[in-house]
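Visitor: Return a 3D structure for these sequence lines:
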Amino acid sequence: MDLVEVSGNAVPPVCRVMDFGKFLYERTKKDREARKAQTKIEVKEIRLRPKTNEHHRGFKTRDARRWLLDGMKVRVTIRFRGREIDYPELALEDLREIAQELVDIAVVEQPPMIEGRTMTMVLNASRPSKKKTAEEPQQEPVE
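Guide: Predicted structure coming up:
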């Protein structure tokens, strides 16, 4: 048996007489369970060009809608080639239209930002995802 300091931050510090090996084992087991319970947020990306027409942008927007409903974040990237960089307002307008199409399920987490030859915007789901609500057990009414 060992004298183990359980909570050093408390006033006064809390100590117990216990097996130190067992204490370490239980603490690592709790840490492992906590890591397993964490959810990793996945960031999906759709890539466009300023000349992408509305029909093809519709396909990409539909994929983004599906990902947002699944609880993922979506990064919208517009890549400039050649002299397209001289007209960033065209790309900005495309990003605004995409955000407007997805306004019912998404919020703009990071507004459009130009970096080098790319302009990016990040969208996040504005309501709980389907996966989380499906995993929760349904409560029956109490009579």
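
Visitor: State the mean pLDDT of whichever helix in the chain runs longest.
Guide: Criterion DSSP state H: the longest helix present in the chain is helix 20-37. Across helix 20-37, the average pLDDT comes to 89.

Visitor: Any buried residues in it, and which?
Guide: By neighbour count with 16 or more other Cβ atoms under 10 Å, helix 20-37 contains no buried residues. (C-beta placed from N, C-alpha, C; glycine too.)

Visitor: Which strands and helices lie in contact with it?
Guide: With contacts taken as 3 or more Cβ pairs under 8 Å, 6 or more residues apart in numbering; DSSP states H and E, helix 20-37 sits against strand 2-7.

Visitor: strand partners of the following helix or strand past the strand it packs on, parallel vs antiparallel please.
Guide: Remark: after strand 2-7, the chain's next helix or strand is strand 14-18, criterion DSSP states H and E. Counting by DSSP bridges, the strands paired with strand 14-18 are strand 2-7 (antiparallel).

Visitor: Grab the CA positions of the partner strand and hand them over as PDB.
Guide: Provided in PDB are the C-alpha atoms of strand 2-7 (Å, rounded to 0.1, in the frame of the first residue of the first chain):
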ATOM      1  CA  ASP A   2       1.100   3.500  -0.800                       C
ATOM      2  CA  LEU A   3       0.100   7.000   0.100                       C
ATOM      3  CA  VAL A   4      -1.100   8.500  -3.200                       C
ATOM      4  CA  GLU A   5      -1.900  12.200  -3.800                       C
ATOM      5  CA  VAL A   6      -5.200  12.100  -5.700                       C
ATOM      6  CA  SER A   7      -5.900  15.800  -6.000                       C
END
